[in-house]
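# Everything below, folded, please.
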Amino acid sequence: MKQPINVRTDPSVRAAYVEYSLALSVNTVDLTKTGSVAYDVDAAGNVVGIEILGLDHPEQIEIARAFAASHDLAFPRDLTGTPVPA
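Below is the predicted model:
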């Protein structure tokens with residue numbers, strides 16, 4: 001399972017980005033059709049990171065968590081405050 005290399009949260013806008021690679025993102029794929037959960041991929045199709053908007057909505061975090069699990073990516077246990085290592 002691939003671990004995140006960085007987790008950034010911005011409580012002022014209730015957003016987080018879980019980064020798995022430093023590769024350049026060439027595409028962003030929306031998982032929710034609303035832009036609240038999306039992932040970035042590199043030129044080889046590997047996941048670069050997962051963005052979550054609306055950390056105050058647990059269902060958004062669960063969508064991101066399920067996506068990460070289905071792609072063998074570790075996901076932080078807590079994104080609502082200080083990130084906790086996966």
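
# How is E51 assigned, secondary-structure-wise?
strand (DSSP: H, G, I helix; E, B strand; the rest coil).

# My read is that it contacts T32, right?
No: between E51 and T32 there is no contact under CB atoms under 8 Å: 10.9 Å. No exception for glycine: its C-beta is placed from N, CA and C like everyone else's.

# between the two, what contacts are shared?
A38 (CB atoms under 8 Å, 6 or more residues apart in numbering).

# of those two, who's got more company?
E51 (20 against 15; other CB atoms under 10 Å).

# which other residues reach the helix or strand hosting A38?
Using DSSP states H and E, the element containing A38 is strand 37-41. Under the criterion CB under 8 Å, 6+ apart, residues 25-32, 47-53, 60, 63-64, 67 lie in contact with strand 37-41.

# if you average pLDDT over stretch 39-49, what comes out?
What stretch 39-49 shows for mean pLDDT is 98.

# Narrow the contacts of strand 37-41 to those in helices?
Q60, I63, A64, F67 (DSSP state H).

# quick one: contacts for the closest residue to D42 other than its chain neighbours?
The shortest distance from D42 to any non-neighbouring residue, by CB to CB, 6 or more residues apart in numbering, is to A23 (3.8 Å). A23 sits next to D42, A43, A44, N46, V48 when contact means CB under 8 Å, 6+ apart.

# Please apply the same query to V13.
Applying CB under 8 Å, 6+ apart, the residues near V13 are L53.
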